[in-house]
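> here is the input, now give the coordinates:
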Amino acid sequence: MTTKHEQILNYIESLDVGNKISVRQIAKELSVSEGTAYRAIKDAENKGIVSTIERVGTIRITKKEKGNIEKLTYAEVVNIVDGQVLGGREGLHKTLNKFVIGAMKMEAMMRYVDPGSLLIVGNRDKVHKIALEEGAAVLITGGFDATDDVKRMADETKLPLISSSYDSFTVATLINRAIYDRLIKKDIVLVSDILTPLESTSYIYSTDKVSRWHELNEQTKHSRYPIVDEQMKVRGIVTSKDILGANPDIPVSKVMTKNPLTVSDTTSVAAAAHMMIWEGIEMLPVLDQYQRLIGIISRQDVLKALQMVQKQPQIGETFDDLITSRLEDVSVGNDHIFRCEVTPQMANQLGTLSYGVATTLITEAGSRSLRKYKKGDLVVENMTLYFLKPVQIEKMIEVRPKVLEVSRKFGKVDIELYHEGTIVGKALMMAQLIDR
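As a prediction, the model looks like this:
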């Protein structure tokens, strides 16, 4: 039986894109309390199926697929630029293809304005009108208003007319930043990208007998299965260790491991890998937002995904990528040495090497040296750092890691930071190793 929360979410998903919703309307429509309706709307917003805009309300929008995440809706643009909607509210759910800054004569500008684009321009009433005629939305910078004719036209064409107090450069920078952040998010591999779906997953009901495990084991050759109830909620995990010596006629719920660790489909693969290594688990059930089984991931799935991520070029680079790309390997024989120039971007407010950047360089050097001893991936567990002397910008530093110990699951590295032969920093790092 579905809960009230699920019923509200299903109702919101059934609405046409562009529909406006409110807490009171949903509470009245579905005979639920306003508190329940509010929580469900917030959940829907987190899932990306509605968007709340100041002075407009909450509207149903198209949920973007992961592959299309770099595209923005006009509703999101309003929030990004702290804008005010002057007209064309019915078109806020639409997706914009590109944005154009109108810093030229009107005749030249119109060559670049296409249907589905967003024209960023100041208080030029004639330009606003022609852009709407061409099928483009308009973002007016500088906090200026539009004429009543233009507002009426925006409502008729269902193309948003937005006003923002920021200047054109700031608006373009904010939109670019939002798109770039999304590109980085797109590169993060999630559990949903690698899970074995429910239709390909073998599972056992909690009412089944132990003999069911033996049947599935013969068919699939797997030794671990999630245990679910009638509502597909995970109640436990059963492995060959649990079954050993058990009577085949007793319920599997008597021998299963209760309250197993689980992940959601939005968990990152890196977090799932850490959980598996730390707990020594070979398989994790994957649950949806209602705690129902939607698939499983195995250790092999996770390791393949981590290898795939390392081989793919990043579309959007993170700060870590930008810092570690400057670390040059100049090792001689068995001595691991990495060199890096301190650029102005790596400095703190005092003009010396930032502690955060130094930590990243030390972590990367330690990780690279460990990989030379043992192939695989690793997760840093703890690190002790000593910053002995400041390092000025545009100076060359050397990072010298020395592997102290490598076991099957852990590695310890002593790392020293040098500038012109003088030690300026020291660290001891311990990491968990993930075998491939």
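
> walking through the stretch 51-200 of the chain, point out its strands one by one.
With strands called from DSSP state E, counting those that start in this stretch, the stretch 51-200 of the chain shows them at 57-60, 72-73, 84-87, 95-96, 98-101, 117-121, 137-140, 161-163, 196-197.

> correction: the previous question concerned the stretch 251-400 of the chain.
257-258, 263-264, 283-287, 293-298, 328-329, 338-341, 377-387, 396-406.

> just checking, what packs against the fourth one?
When contacts are defined as 3 or more C-beta pairs under 8 Å, 6 or more residues apart in numbering; DSSP states H and E, strand 293-298 sits against strand 196-197, strand 225-228, strand 283-287. C-beta: built from backbone N, CA, C; applies to glycine.

> mind redoing it with 10 Å?
With contacts taken as 3 or more C-beta pairs under 10 Å, 6 or more residues apart in numbering; DSSP states H and E, strand 293-298 sits against helix 191-194, strand 196-197, strand 225-228, strand 234-238, strand 263-264, helix 269-279, strand 283-287.

> that older thread, closest one to residue 16 among the strands of the stretch 251-400 of the chain?
Residue 16 lies closest to strand 293-298 among the strands of the stretch 251-400 of the chain, at 26.8 Å (C-beta to C-beta).

> how about low-confidence regions in the stretch 51-200 of the chain?
For the stretch 51-200 of the chain, residues meeting the criterion pLDDT under 70 lie at 63-71, 182-188.

> for the helices and strands packed on strand 293-298, give me a markdown table that also has distance to residue 254 and mean neighbour count.
A markdown table is the format used below for the helices and strands packed on strand 293-298 (distance: least, C-beta to C-beta, whole Å; neighbours: other C-beta atoms under 10 Å):
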| stretch | distance to residue 254 | mean neighbour count |
| --- | --- | --- |
| helix 191-194 | 30 | 19 |
| strand 196-197 | 27 | 14 |
| strand 225-228 | 11 | 24 |
| strand 234-238 | 10 | 22 |
| strand 263-264 | 26 | 18 |
| helix 269-279 | 23 | 18 |
| strand 283-287 | 20 | 23 |
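
> quick one: closest of these to residue 357.
helix 269-279 (21.2 Å).

> who touches that closest one?
Residues from elsewhere that reach helix 269-279 (C-beta atoms under 10 Å, 6 or more residues apart in numbering): 188-195, 260-264, 267-268, 281-284, 286, 297-299, 301-306, 308-309, 377-379, 381, 409, 432-435.

> just the angle for it relative to strand 377-387, thanks.
Compare the direction of helix 269-279 with that of strand 377-387 by axes from the mean of the first three to the mean of the last three C-alpha atoms, to 10 degrees and you get 90 degrees.

> ok now helix 269-279, how far from the chain's centre?
17 Å (C-alpha atoms, centre = their mean, to the nearest Å).

> for stretch 328-339, same thing?
Worked out by C-alpha atoms, centre = their mean, stretch 328-339 lies 34 Å from the chain centre.

> and it, which residues are buried?
Under the neighbour-count criterion of 16 or more other C-beta atoms under 10 Å, stretch 328-339 has 336-338 buried.

> how about CSV for the residues you listed, with distance to residue 249 and pLDDT added?
Below are these laid out as CSV (distance: C-beta to C-beta, whole Å; pLDDT from 0 to 100):
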residue, distance to residue 249, pLDDT
336, 60, 90
337, 65, 93
338, 62, 94
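
> from residue 49, how far off is residue 177?
From residue 177 across to residue 49, the span is 24 Å (C-beta to C-beta, to the nearest Å).

> tell me which of the two has more neighbours.
Higher neighbour count among residue 177 and residue 49: residue 49, with 17 against 11, using other C-beta atoms under 10 Å.

> quick one: that one and residue 13 touch, right?
Yes: between residue 49 and residue 13 a contact is recorded at 6.1 Å, counting by C-beta atoms under 10 Å.

> look up how far residue 128 lies from residue 106.
With distances taken as C-beta to C-beta, residue 106 is found 11 Å from residue 128.

> doesn't residue 284 make contact with residue 195?
Yes: with contacts counted by C-beta under 10 Å, residue 195 reaches residue 284, the gap being 9.3 Å.

> okay, and the common contacts of those two?
In terms of C-beta under 10 Å, 6+ apart, residue 195 and residue 284 are both contacted by the residues 263, 272, 295-298, 301.

> show me how the record splits this structure into domains.
Using automatic domain parsing, the domain parsing of the chain gives 4-60, 83-176, 192-308, 319-434.

> what touches both of residue 106 and residue 128?
By C-beta under 10 Å, 6+ apart, the residues touching both residue 106 and residue 128 are residue 121.

> so between these two, which is more surrounded?
Neighbours were counted for residue 106 and for residue 128 using other C-beta under 10 Å; residue 128 has more, 27 against 13.

> tell me who's in contact with the more buried one.
The contact partners of residue 128, taken as C-beta under 10 Å, 6+ apart, are 86-87, 102, 119, 121-122, 138, 140, 144, 146-147, 149-151, 153-154, 161.

> drop anything exposed from those residues.
Using 16+ other C-beta under 10 Å as the burial test, the contacts of residue 128 include 86-87, 102, 119, 121, 138, 140, 144, 146, 150-151, 153-154, 161 as buried.
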